[in-house]
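Asker: from the sequence below, what's the structure:
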Amino acid sequence: MIRRRLLRFPRLLWFFPLAALCASSCGSSASSGDPPPGQLRFETLPLPDLAVPPEVGSFSENPGDTRNLGNAFRDAYADALIRGLPLRGVLGSDRVHPWPGRNPESWSQNWAGEGREPNSWGIPELFLALGVYRPENPLVPDTVVYTVYGRILDLYGRSAGYSRANGAAGYGAPLGEIFLENGEVIQRFSRGRIVLDGGDGRFIPRDDPFMARLRDLTIEEIDGEFSGPGIPPEAVWAFARAWAFAFSEGGPESDGPLLWVPFSRPWILQSEGNPVSALGFYLKTYNQGRYVFTAAAAKELPLRAFLISGPVLAVLLDGKRIPGTEGLRPLGRISGGNDFTRSLAAGFAFYGLPLSGVLPWPPGGTGEGPWEEAQRFSKGWIIVHR
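Answerer: Okay, the predicted model is just below:
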């Protein structure tokens, strides 16, 4: 069971206070004391206790031939804890079930959190865990589960989706976690996007290109793009999903096969629960290392691939120390590799292994100015002022 004491959660956008949302998205200008765009800082935060309550991922009925579905919900729960969501188990006695019942769009389970922000469902502590009901491509068979919460959950419960329905029937299942694009907080669903702006937010119906890109992958493309020597199928699928989510048609050029980068000895990641022992990471790059996808390999961590690029990638590769890193010590080394791989691994050893994509971060403690970007590493958060 997860520990019942509260963990130290960062100021991550796990909820969306409307006042802060308006302040950061309604044209407020940054104050003269703000750091310049592109400046980075680090906020140290160890991993939380990643113990998952046993009722997470349990079923109300036999899911049939759906593969590893219970594990998908357990992985999503651990991933949500890593990103800072204050979860405290399953809400009531809810079990994983098809939703809506007569024409399912998703597998769903209700989780409980420490949030007390009102939402359209009338359950302030509600966090929804959802995965698509049918895999997009039989070659990429496993359902992946994501969370819907805060202001997006509030909109998800309103009857403004497809055919004026709410929930999975109106908006579909989530295709990923929240992200930041052009200053707006977005979550992609199988029927469109929910976008948070300076007002109440909006739903944009569309066929997301992610679905088509993943659905249309062939065996030859999967083997050529995401396979590599000794790479297990679950890593192949994780990188295929990350690639489909990140790039539009005609994305960057691959630099080569998916690689396994082992550590000389396991890296022990600091945690408020049991120790996390990482054996290495998977790696694939594009455009001569301009875009890096990576996934940490540890039995305690969900296997998910994340994109690293821009100033965060630059600081990992060049060895520079950003504000907030005082006192950090390297975790270890890798075995072999080229100059690029060794430089990247040295950055991971200092900041920790990457455990999220780029997430929206409330601006500088004041709620004024544009959203910042934050990426979770096992030692804490790298934050980029925009």
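Asker: look up how far residue 184 lies from residue 370.
Answerer: For residue 370, the distance to residue 184 equals 10 Å [C-beta to C-beta, to the nearest Å]. Backbone N, C-alpha and C define where each C-beta goes, glycine included.
Asker: quick one, which of these two is more surrounded?
Answerer: More neighbours surround residue 370 than the other of residue 370 and residue 184, with 20 against 17 (other C-beta atoms under 10 Å).
Asker: was I right about that one contacting residue 185?
Answerer: No. With contact defined as C-beta atoms under 8 Å, residue 370 does not reach residue 185; the gap is 11.3 Å.
Asker: what's the first helix or strand after the worst-scoring helix or strand of the chain on mean pLDDT?
Answerer: One helix or strand of the chain scores below all others by mean pLDDT, DSSP states H and E: helix 18-25, with a mean of 35. Following helix 18-25 in sequence order, the next helix or strand is strand 40-44 (DSSP states H and E).
Asker: mean confidence score for that next one?
Answerer: For strand 40-44, the mean pLDDT works out to 95.
Asker: next: stretch 323-338.
Answerer: What stretch 323-338 shows for mean pLDDT is 89.
Asker: what residues does it touch?
Answerer: Applying C-beta atoms under 8 Å, 6 or more residues apart in numbering, the set of residues contacting stretch 323-338 from outside is 40-44, 261-269, 280, 341-342, 345-346, 348-352, 379-380.
Asker: could you rerun that using 7 Å?
Answerer: 41-44, 261-265, 267, 341-342, 345, 349-350, 379 (C-beta atoms under 7 Å, 6 or more residues apart in numbering).
Asker: where along the chain do the helices fall?
Answerer: For the chain, the helices defined by DSSP state H cover 18-25, 69-82, 150-156, 167-171, 209-215, 219-226, 233-246, 310-318, 339-351.
Asker: residue contacts, residue 300?
Answerer: Residue 300 neighbours (C-beta under 7 Å, 6+ apart): 50, 276.
Asker: now residue 377: how far from residue 325?
Answerer: 11 Å.
Asker: more neighbours: the two, which one.
Answerer: More neighbours surround residue 377 than the other of residue 377 and residue 325, with 25 against 18 (other C-beta under 10 Å).
Asker: need the contact list for the closest residue to residue 359 other than its chain neighbours.
Answerer: Nearest residue to residue 359, sequence neighbours excluded (C-beta to C-beta, 6 or more residues apart in numbering): residue 374, at 5.2 Å. Neighbour list for residue 374: 12, 359, 361, 381, 382, 383 [criterion: C-beta under 7 Å, 6+ apart].
Asker: and the pLDDT for the third one?
Answerer: The predicted local distance difference test score for residue 361 is 88.
Asker: any figure for the gap between the residue lying closest to it once chain neighbours are set aside and residue 312?
Answerer: Spatial nearest neighbour of residue 361, excluding adjacent residues (C-beta to C-beta, 6+ apart): residue 374 at 3.8 Å. As for residue 374, its distance to residue 312 is 9 Å (criterion: C-beta to C-beta).
Asker: overlap in contacts, those two.
Answerer: The overlap between the contact sets of residue 374 and residue 312 (C-beta under 7 Å, 6+ apart) consists of residue 382.
Asker: what segments of the stretch 51-200 of the chain are strands?
Answerer: Applying DSSP state E, counting those that start in this stretch to the stretch 51-200 of the chain gives strands spanning 87-90, 97-99, 106-113, 126-132, 145-148, 179-181, 184-189, 192-196.
Asker: what's the least confident stretch among these?
Answerer: Sorting the strands of the stretch 51-200 of the chain by mean pLDDT places strand 179-181 lowest, at a mean of 87.
Asker: strands along the stretch 251-386 of the chain, start to end?
Answerer: Using DSSP E, counting those that start in this stretch, strands in the stretch 251-386 of the chain cover 259-269, 276-286, 291-297, 306-308, 354-361, 372-377, 380-384.
Asker: among those, which is nearest residue 194?
Answerer: Closest approach to residue 194 among these (C-beta to C-beta): strand 354-361, 13.4 Å.
Asker: point out the other helices and strands that the closest one packs with.
Answerer: Judged by 3 or more C-beta pairs under 7 Å, 6 or more residues apart in numbering; DSSP states H and E, strand 354-361 is in contact with strand 179-181, strand 306-308, strand 372-377.
Asker: in CSV: these, plus distance to residue 244.
Answerer: Formatted as CSV, the helices and strands packed on strand 354-361 follow (distance: least, C-beta to C-beta, whole Å):
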stretch, distance to residue 244
strand 179-181, 14
strand 306-308, 12
strand 372-377, 20
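Asker: just these: most buried one?
Answerer: Greatest average neighbour count among the helices and strands packed on strand 354-361 goes to strand 372-377 (a mean of 24), per mean count of other C-beta atoms under 10 Å.
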